[in-house]
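Participant: Fold the following, please.
(one chain, ligands or ions: 2)
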Amino acid sequence: MADTLEPRGAVARGLADISKAPEMRLGDRPITPDRYFSSEFARKEWEKVWTRTWQIAGVKRQLVKSGDFITTTLGPETILCVLGDDGKTRAFYNVCQHRGMLLMAEEQGHARRLVCPYHGWAYDLKGELRTVPDELDFAQGSPCGKLNLVEIPCEVWAGFVWYNMDPNCASLRSYMHPIADQIDTYPMDDMVRTHWVTLEGDFNWKLVQDNFNESYHVPFVHPQTKYVMEYAYPFSQFDLYPSGHARMLMPGAGPTKMLQGGEDETLKSMTEELNFWGLDPDQFRGGKTGEIRVALQRQKRLLGAEKGFDFSTYHDAQLTDHWHFTIFPNLSFSLKPDGNIWLRARPHESDPQKCYFDMWYMTLFPKGQTKYFSQSMSDWVDVNVPAPHLQGKLGEVSMGPGIDQDLSVWFGQQKALHSRGYRRDYLAGQESRVRFFHENLERWMLE
Ligand code: FES
Ligand SMILES: [Fe+2]
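Facilitator: Ligands and ions are numbered 1, 2, ... in the order given. The predicted structure is shown next:
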């Protein structure tokens, strides 16, 4: 069983390692299209990847009182996580040991006993079978205490509940190395999930991860970002880590150096944030939008505490820039000083051309405030209004202003990858994280 991670307190938090990782030599093997639609490939992924990697089941705040539980699905499996009377969160396969009934059908709830809806077998919060109807009717002996739920590794860290189906897996912290230390510089336990959306996507899960592994598409798919983000690759930092995870650092709070003009658009997009931090947008008129980033960093340092934030564990670059991470196989997130977006695609139970794409936005409310304007989500959020889980197909739910633009790409790519007229990838240098991801995938599938 993996180690249990104690959340680190603010005192233990230090500054993140911002240094560039050494360059990594990558190959040029084709990223063959079949891996996006082949059932055989998906079957191998299940065996070699999904059943051996750490996944998020939900947020820690869903498990407050003992007996609180959540369920989640991954491919054909459903997983149940329960907070026990001893304060420990455990994960189990969500299946009754009598005849294989789904044990807890709800996505979240509360129970003193986990009771199967078929014949009433009742398990305690540690997964031990305690009572069954007609206990004396089993010639082979009572199943109580014998046929317990099957437990799997579970850890609570960074505000999330994580599980891994591999009983011999590495601890979550060593799996996440070196990104775990970087996440720890954010007060994750204080953040509240304010947005929770799941899209039923008609595309393979890897198209999502590919997309979050490159910013080459950003100027074209997200044209509005040129006013507020330095997306050009010569000014970005890409880090590939031997653990299989990656990072991208991209300056924010100002236009790309590739842009001529556009001052009005930059100032309009940033008005709310500049006003919140006591800066007059007009002071950056006349060719001075390039100065916003540093002015904002200075102002956040100056007024942070007064506004209810503790920025002492952040580099200046964390106050304004885009710190984007991809964790193998299917997790990506962007960390901001006052919140962060977490994104992941889960494989479909049977169809490799489908997936479930989840988005959570975690907001850090300023101390003492219950309402806050989330710049990233362009939305007012309320700490007392728990995020409802919105679920639907394309057009029925929104994943937020930027991500919605990515969605249409994945649908279109899945439709065309089959074509007899397409053979393989032809990647730019700035897409090396895509190559890296596929090399890691191949490595896991061979092990
Ligand atoms: S299948 Fe669960 S009690 Fe029978
Ligand atoms: Fe995108």
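Participant: What's opposite the closest residue to residue 115 other than its chain neighbours in the beta bridge?
Facilitator: Excluding the flanking residues, the one nearest residue 115 by Cβ to Cβ, 6 or more residues apart in numbering is residue 122, at 4.7 Å. Where you see a C-beta, it was placed from the backbone N, CA and C, and this is true even at glycine. Legend: beta-bridge partners of residue 122 under DSSP bridges are residue 115, residue 131.
Participant: Now do the contacts for the residue in the stretch 151-300 of the chain positioned nearest to ligand 1.
Facilitator: Residue of the stretch 151-300 of the chain nearest ligand 1, by Cβ to the nearest ligand atom: residue 151 (17.4 Å). Going by Cβ atoms under 8 Å, 6 or more residues apart in numbering, residue 151 touches 90-92, 127.
Participant: Can you name the next helix or strand after the helix or strand hosting residue 248?
Facilitator: Using DSSP states H and E, residue 248 sits in strand 246-250. Using DSSP H and E, the helix or strand that follows strand 246-250 in sequence is helix 263-276.
Participant: among the contacts of residue 151, who's most crowded?
Facilitator: Neighbour counts for the contacts of residue 151 (other Cβ atoms under 10 Å) peak at residue 91, which has 26 neighbours.
Participant: tell me which element that one is part of?
Facilitator: Secondary structure (DSSP H and E) places residue 91 in strand 89-93.
Participant: Can I get that strand as PDB, trimmed to CA atoms?
Facilitator: The C-alpha trace of strand 89-93 is given here as PDB (Å, rounded to 0.1, in the frame of the first residue of the first chain):
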ATOM      1  CA  THR A  89     -10.000   7.800   3.300                       C
ATOM      2  CA  ARG A  90     -10.100   4.400   1.600                       C
ATOM      3  CA  ALA A  91     -10.700   3.400  -2.000                       C
ATOM      4  CA  PHE A  92     -12.400   0.200  -3.100                       C
ATOM      5  CA  TYR A  93     -13.700  -1.300  -6.300                       C
END
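Participant: That strand pairs with which strands, parallel or anti?
Facilitator: strand 77-83 (antiparallel), strand 151-152 (antiparallel).
Participant: Any part of the longest one near ligand 1?
Facilitator: This points to strand 77-83. No: on the criterion Cβ under 6 Å from any ligand atom, strand 77-83 is out of touch with ligand 1, staying 13.4 Å away.
Participant: Now do the same for residue 380: its pLDDT.
Facilitator: Here, the pLDDT recorded for residue 380 equals 89.
Participant: The one 5 residues further on too?
Facilitator: At residue 385, the pLDDT value in this model is 88.
Participant: Grab the nearest non-local neighbour of residue 349.
Facilitator: Using Cβ to Cβ, 6+ apart, the nearest residue to residue 349 is residue 76, at 4.6 Å.
Participant: Tell me how many other residues crowd the one you found.
Facilitator: For residue 76, the neighbour count with other Cβ under 10 Å is 11.
Participant: Phi and psi next, for it.
Facilitator: As for residue 76, its main-chain torsions (degrees, to the nearest 10) stand at phi -80, psi 0.
Participant: picking up where we left off before, tell me which of the strands paired with strand 89-93 is the most buried.
Facilitator: Most buried of these, by mean neighbour count (mean count of other Cβ atoms under 10 Å): strand 77-83, with a mean of 22.
Participant: And the contacts of that one?
Facilitator: Contacts to strand 77-83, defined as Cβ under 8 Å, 6+ apart, come from residues 57-58, 63-73, 89-95, 102-104, 114, 125, 127, 149, 152, 154, 161, 163, 165.
Participant: Narrow the residues you listed to just the buried residues.
Facilitator: For the contacts of strand 77-83, a burial check counting by 16 or more other Cβ atoms under 10 Å picks out 57-58, 63, 66-73, 89-95, 103-104, 114, 125, 127, 149, 152, 154, 161, 163, 165.
Participant: Mark which of the residues you listed are part of strands, please.
Facilitator: 57-58, 68-73, 89-93, 114, 152, 154, 161, 163 (DSSP state E).
Participant: isn't residue 156 right next to residue 162, touching?
Facilitator: Yes: between residue 156 and residue 162 there is a contact under Cβ atoms under 8 Å: 7.4 Å.
Participant: rewinding a little: mind pulling up the pLDDT for the residue nearest to residue 115?
Facilitator: 98.
Participant: just checking, it touches residue 129?
Facilitator: Yes: using Cβ under 8 Å, residue 122 is in contact with residue 129, at 7.4 Å.
Participant: the more surrounded of these two?
Facilitator: Higher neighbour count among residue 122 and residue 129: residue 129, with 22 against 17, using other Cβ under 10 Å.
Participant: tell me the contacts of the more buried one?
Facilitator: So residue 129 contacts 97, 121-123, 143-149 (Cβ under 8 Å, 6+ apart).
Participant: Put the buried members of those into a ChimeraX selection.
Facilitator: Buried subset of the contacts of residue 129, written as a ChimeraX selection, criterion 16+ other Cβ under 10 Å:
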select :97,121,122,123,144,147,148,149
